[in-house]
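J.: sequence plus the predicted model coming up.
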Amino acid sequence: GEGSALFLVSLFVTAIADGPIVVLPDMAGAPGVAGGKMRAVLEQVRRKVSKEQNTVVQVQNEGPVELKMRVFVANSTEAATVRKYIAEHPDQVPAPFVVLSKNLQMAVSYDPEKIDPSIASVADRLRKQIKTHAVKVLRESIGDGECSVSTLALRGHLGALAPTEAIMGVVGKRGVRIEADPDQADPGNRYIILPVKNKPTKEERPAGDAQKPAKASKSSLPKKAVGPAAARVTAAHLQAGGQGGSAASSAPATPRPEDDAVESRLTSHFSVNLFVTAIADGQVSSSTAPKVQERLAQIVRKVPKEQNTSVEVVGGGTMDLKMRVFVVNSEDAKAVGDYVNAHVNQHPAAFVVLARQLSMAVLYDPATLDLGDASVADRLRKQAKTRAVKVLRESIAAKMSGVTAACLRGYEGALAPGERLAAVLATLAQPVPSDPSAARYVTFAARIKGCPLVSDSGKRTAAELAAGRGITWGTALGDEGG
């Protein structure tokens, strides 16, 4: 009958934490994994996080925390490798992985008259459903009022095994004993059961079922012809400061003679002072004025795509980081700055300061770009913000910075990252010839793609003007990247 059989799976569930992976050359690998390949397996575990396992959990009394779970069949190579690493590094703090469940027993109920798990593709589909449901179960268990796990524990700052007991105490209450359990002698074996999703695959369809013709995918449809008109600057090229682009607009593999000519015409600069912060693990104090709370909540919530990034930290490892980049005198910069000043001893901090005032200078050719046009200034300002993210990301990765994951998460206070990065950023600044004050800036060349050009004829396109002046579109000089 319907749902009369069970497909059982034992899962090992871990989460990516803040610590670096430390593997000595002479370490033996997990069963079936040579020692030399152990780091490769662990790095793959950290790097290849599926969409459904990249989630947000609600930690009691602390708020939402981003968590990258990895769910593996308990006897898989990945599970064995992570288990062995943890056994070899029991005292590493912060740990690179934390264990959420050593052996999570799951089962999917199905109708054996309609579904045959002996078919490999069917078993794979059931296993995938179970893994996705396991993420949901663990997310809800962490958010349960009875779960005592903390953000520190999930980040690996209390050791790799710290979250397990607190989480599984809650998860265990969802399980039930089943007759199909191959190890009924173990009273601890309780399964979380879910119904199968009735989405038949080709192998599961009855032989007489007529199949609908497949729809053509977008990639299989004929592409539009590319003609001379494609060289013109369209509205799409002007969006978001010309971010992104095709192969035709990418930088050449080797410098071209005309690049030097372009560089020699960059005789003016557009300067902007930026306040750069990052969202940390702390919560905004409840004593904060309601209007300020609302503004800060929006800053946390609305992170532009280019400022939602990942960084390599000192000691190895990569972590996600949500930066926010504002003009120094903006209301958002003032709101974060004032909050930080008023809560300088908050641990973990709600925000960390990466740069109080990062002076950026965008170099440009005044004969090509017209800063009298407000939209041009807006585009250059956006380019400066995007470049600032790149500069900070590279500075954090520099060994001399001393910036750790815990520092960026706010566990060393709001000001610690900025204090450590100051020396690195200072080495990147230089004077600009067009500034008589001899002030020092982090400089880069403007991208002209996306910026209205100086034109003596409204009928000429931007591309034609650029060609007439010898400007190369999207060269390495002006390429900001994503």
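T.: The structure has been received and is ready for your questions.

J.: return the distance of Gly63 relative to Asp281.
T.: 9 Å (C-beta to C-beta, to the nearest Å). No exception for glycine: its C-beta is placed from N, CA and C like everyone else's.

J.: what do you get for Gly402?
T.: In terms of C-beta to C-beta, Gly402 sits 19 Å off from Asp281.

J.: more crowded one of these two?
T.: Relative neighbour count places Asp281 above the other of Gly402 and Asp281, with 23 against 18, counting by other C-beta atoms under 10 Å.

J.: which residues are in contact with the more buried one?
T.: Counting by C-beta atoms under 8 Å, 6 or more residues apart in numbering, Asp281 makes contact with 62, 65, 151, 155, 348-349, 409-411.

J.: how many residues are close by the residue lying closest to Val171 once chain neighbours are set aside?
T.: Distances taken as C-beta to C-beta, 6 or more residues apart in numbering place Ser141 nearest to Val171, at 4.8 Å, with adjacent residues excluded. Neighbour count of Ser141, defined by other C-beta under 10 Å: 23.

J.: doesn't Ala134 make contact with Ser141?
T.: No: counting by C-beta atoms under 8 Å, Ser141 does not reach Ala134; the two are 10.4 Å apart.

J.: in three-state terms, label Gln357 for me.
T.: Three-state assignment for Gln357 (DSSP: H, G, I helix; E, B strand; the rest coil): strand.

J.: mind listing the residues bridging to the nearest residue to it once chain neighbours are set aside?
T.: Counting by C-beta to C-beta, 6+ apart, Asn273 is the residue found nearest to Gln357 once chain neighbours are left out, at 5.1 Å. Asn273 has these beta-bridge partners by DSSP bridges: Ser359.

J.: tell me who's in contact with the residue nearest to Val171.
T.: Here Ser141 is in contact with 147, 167, 170-171, 174 (criterion: C-beta under 8 Å, 6+ apart).

J.: how many residues are close by the nearest residue to Arg174 once chain neighbours are set aside?
T.: Counting by C-beta to C-beta, 6+ apart, the nearest residue to Arg174 once its immediate chain neighbours are dropped is Ile192, at 5.2 Å. For Ile192, the count of nearby residues is 19 (other C-beta under 10 Å).

J.: surely Ile192 is in contact with Lys173?
T.: No: taking contacts as C-beta under 8 Å, Ile192 lies outside contact range of Lys173: 10.2 Å.

J.: hmm, back to that, can you get me a residue count around the residue nearest to Gln357?
T.: By other C-beta under 10 Å, the residues close to Asn273 number 16.

J.: same question for Ala422.
T.: Per other C-beta under 10 Å, the neighbour tally for Ala422 reads 14.

J.: host element of it?
T.: Using DSSP states H and E, Ala422 sits in helix 416-428.

J.: list the buried residues in whichever helix or strand Lys128 is part of.
T.: Assigned by DSSP H and E, Lys128 belongs to helix 120-142. For helix 120-142, a neighbour-count test (16 or more other C-beta atoms under 10 Å) marks 122, 125-127, 129-131, 133-135, 137-138, 141-142 as buried.

J.: what's the following helix or strand after it?
T.: Remark: after helix 120-142, the chain's next helix or strand is helix 151-154, criterion DSSP H and E.

J.: what about the strands in this protein?
T.: Counting by DSSP state E, the chain has strands at residues 5-16, 54-59, 63-73, 97-110, 192-195, 268-279, 308-312, 318-327, 351-364, 430-431, 440-445.

J.: JSON lines for the ones you listed, including mean pLDDT and distance to Ala388?
T.: Below are those laid out as JSON lines (pLDDT from 0 to 100; distance: least, C-beta to C-beta, whole Å):
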{"stretch": "strand 5-16", "mean pLDDT": "91", "distance to Ala388": "26"}
{"stretch": "strand 54-59", "mean pLDDT": "86", "distance to Ala388": "26"}
{"stretch": "strand 63-73", "mean pLDDT": "89", "distance to Ala388": "22"}
{"stretch": "strand 97-110", "mean pLDDT": "90", "distance to Ala388": "32"}
{"stretch": "strand 192-195", "mean pLDDT": "84", "distance to Ala388": "46"}
{"stretch": "strand 268-279", "mean pLDDT": "89", "distance to Ala388": "5"}
{"stretch": "strand 308-312", "mean pLDDT": "85", "distance to Ala388": "11"}
{"stretch": "strand 318-327", "mean pLDDT": "89", "distance to Ala388": "5"}
{"stretch": "strand 351-364", "mean pLDDT": "90", "distance to Ala388": "6"}
{"stretch": "strand 430-431", "mean pLDDT": "86", "distance to Ala388": "16"}
{"stretch": "strand 440-445", "mean pLDDT": "86", "distance to Ala388": "8"}
